[in-house]
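J.: Have a look; sequence and predicted model below, questions after that.
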Amino acid sequence: MTSPAERFAANLKRMRVAAGLSQEAVAFRANIHRTQVSLLEKGERMPRVETLVKLGGAIGATPDDLLAGITWEPITVVEGGLLVAGSEDGDDAAEET
């Protein structure tokens, strides 16, 4: 399963390359440090909302484009442990200690 940070990283890099921009050019256009672009593209960081908007503007994408494919299933409490929503059979239940 891909983490939200990994999915965001792939989206950002794909769109940056498609726009024909280097990490340095994106950083300059977004008014952020180039190291931050690198960390985001490696999946080591997730952007704040302000940074998300700046990155989108820098590469000609919307925040929705950059967040495409990122979903989260809430965890639901069940008797005896926790179960990730969407798991019907209960095999993924983890016992609480």
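T.: Cool, the structure landed.
J.: Format the CA atom coordinates belonging to stretch 44-55 as PDB.
T.: Output in PDB follows, covering the C-alpha atoms of stretch 44-55 (Å, rounded to 0.1, in the frame of the first residue of the first chain):
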ATOM      1  CA  GLU A  44      10.000  12.300   3.200                       C
ATOM      2  CA  ARG A  45       7.700  15.300   3.800                       C
ATOM      3  CA  MET A  46       4.100  16.300   3.200                       C
ATOM      4  CA  PRO A  47       3.400  20.000   2.400                       C
ATOM      5  CA  ARG A  48       1.400  22.400   4.400                       C
ATOM      6  CA  VAL A  49      -1.700  23.800   2.500                       C
ATOM      7  CA  GLU A  50       0.100  27.000   1.600                       C
ATOM      8  CA  THR A  51       3.000  25.100   0.100                       C
ATOM      9  CA  LEU A  52       0.600  22.800  -1.700                       C
ATOM     10  CA  VAL A  53      -1.000  25.800  -3.400                       C
ATOM     11  CA  LYS A  54       2.400  27.400  -4.200                       C
ATOM     12  CA  LEU A  55       3.600  24.100  -5.800                       C
END
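J.: any idea of the mean pLDDT for that stretch?
T.: Taken as a whole, stretch 44-55 has a mean pLDDT of 97.
J.: buried ones in it?
T.: 45, 47, 51, 52, 54, 55 (16 or more other CB atoms under 10 Å). All C-beta atoms are positioned from the backbone trio N, CA, C, and that covers glycine.
J.: Next, give me the two most distant ones among those.
T.: Greatest spatial distance among these (CB to CB): 45 and 54, at 14.0 Å.
J.: Give me the below-cutoff pLDDT ranges for this protein.
T.: Residue ranges of the chain with pLDDT under 70: 80, 82-97.
J.: How far off centre is stretch 29-41?
T.: 14 Å (CA atoms, centre = their mean, to the nearest Å).
J.: Return the member of the buried residues of stretch 44-55 nearest to residue 67.
T.: residue 52 (7.6 Å).
J.: so after the helix or strand hosting residue 12, what's the next helix or strand?
T.: Element membership for residue 12 (DSSP states H and E) is helix 4-18. Once helix 4-18 ends, the next helix or strand along the chain (criterion: DSSP H and E) is helix 23-30.
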